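> kindly return the folded structure for what I paste below:
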Amino acid sequence: MGYFVGYGSLVNRMTHAHAEVYPARLRGWRRMWRKTSRREAAYLTVVPEADSEIDALVAAVAPQDWPALDEREAAYLKHPARHQLDVSLPEEAHVVVYAIEEGHHHPPDPASPVLLSYIDVVVQGYLHVFGETGVMDFFDTTGGWEAPIINDRATPVYARHQNLSKAETALVDDMLARVGAQMR
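Prediction:
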């Protein structure tokens, strides 16, 4: 049995079927909005940053389930993360965090904006796992909020979009305003 570290949409348990999950802190990585040639829209990655810590969700993955997860996360490389986590797992546990290869990502731009439907999914996940304090921490510990954001809520582009309650939608909108995000 291995484990992955989710720090974006994988925190939202409604986007995957991995039942054994653990809230955790990931040290030495910073979450960023980035674009790559591998996807049209910008998305989250983590980049090494020694003094950074972020909330994350660690999930167990059965051996037969790795191929599907690797396909979902095909734009990323796997990095060992066991000793960068504050979570109770067996010492010998194999844990990976997915991150875009260094040098293959750039700041988002109008041609590769962040999808609001993706932000909604991530924030809903953080709210359910870490509460409103966790949502605020997500916004505070994520870089790249100057990225253009496209409002696709009426017709979601993000493949794993979720329905949000009015309170969840208001929370996302309030937090985006708090960080000065630019909606298109």
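
> mind listing what's buried in the helix or strand residue 169 falls within?
Assignment of secondary structure by DSSP states H and E places residue 169 within helix 166-178. Within helix 166-178, the residues scored as buried using 16 or more other C-beta atoms under 10 Å are 168-169, 171-173, 175-176. C-betas here are computed from N, CA, C, even on glycine.

> tally up the residues packed near residue 7, please.
Residue 7: 28 surrounding residues under other C-beta atoms under 10 Å.

> my guess is it meets residue 97, correct?
Yes - with contacts counted by C-beta atoms under 8 Å, residue 7 reaches residue 97, the gap being 7.3 Å.

> what number of residues lie near residue 48?
Using other C-beta under 10 Å: residue 48 sits among 12 other residues.

> quick check: beta-bridge partners of it?
residue 29 (DSSP bridges).

> thought it was touching residue 27?
No - using C-beta under 8 Å as the test, residue 48 is too far from residue 27 to be in contact (10.7 Å).

> how about the helices in this structure?
66-72, 116-140, 166-178 (DSSP state H).

> right, and those helices - which one's nearest residue 40?
helix 116-140 (11.8 Å; C-beta to C-beta).

> helices or strands up against the closest one?
strand 21-34, strand 43-61, strand 148-150, helix 166-178 (3 or more C-beta pairs under 8 Å, 6 or more residues apart in numbering; DSSP states H and E).

> would you mind giving these as CSV with mean pLDDT added?
Shown next, in CSV, are the helices and strands packed on helix 116-140 (pLDDT from 0 to 100):
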stretch, mean pLDDT
strand 21-34, 96
strand 43-61, 96
strand 148-150, 96
helix 166-178, 97
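
> closest to residue 138 out of the ones you listed?
It's strand 43-61; of the helices and strands packed on helix 116-140, that one is closest to residue 138 (C-beta to C-beta) at 6.8 Å.

> give the contact list for the residue lying closest to residue 125 once chain neighbours are set aside.
Of all residues not flanking residue 125 in the chain, residue 12 sits nearest, at 2.9 Å (C-beta to C-beta, 6 or more residues apart in numbering). By C-beta atoms under 8 Å, 6 or more residues apart in numbering, residue 12 lies in contact with 121-122, 124-125, 128, 160, 162.

> that concludes my questions; thank you for your assistance.
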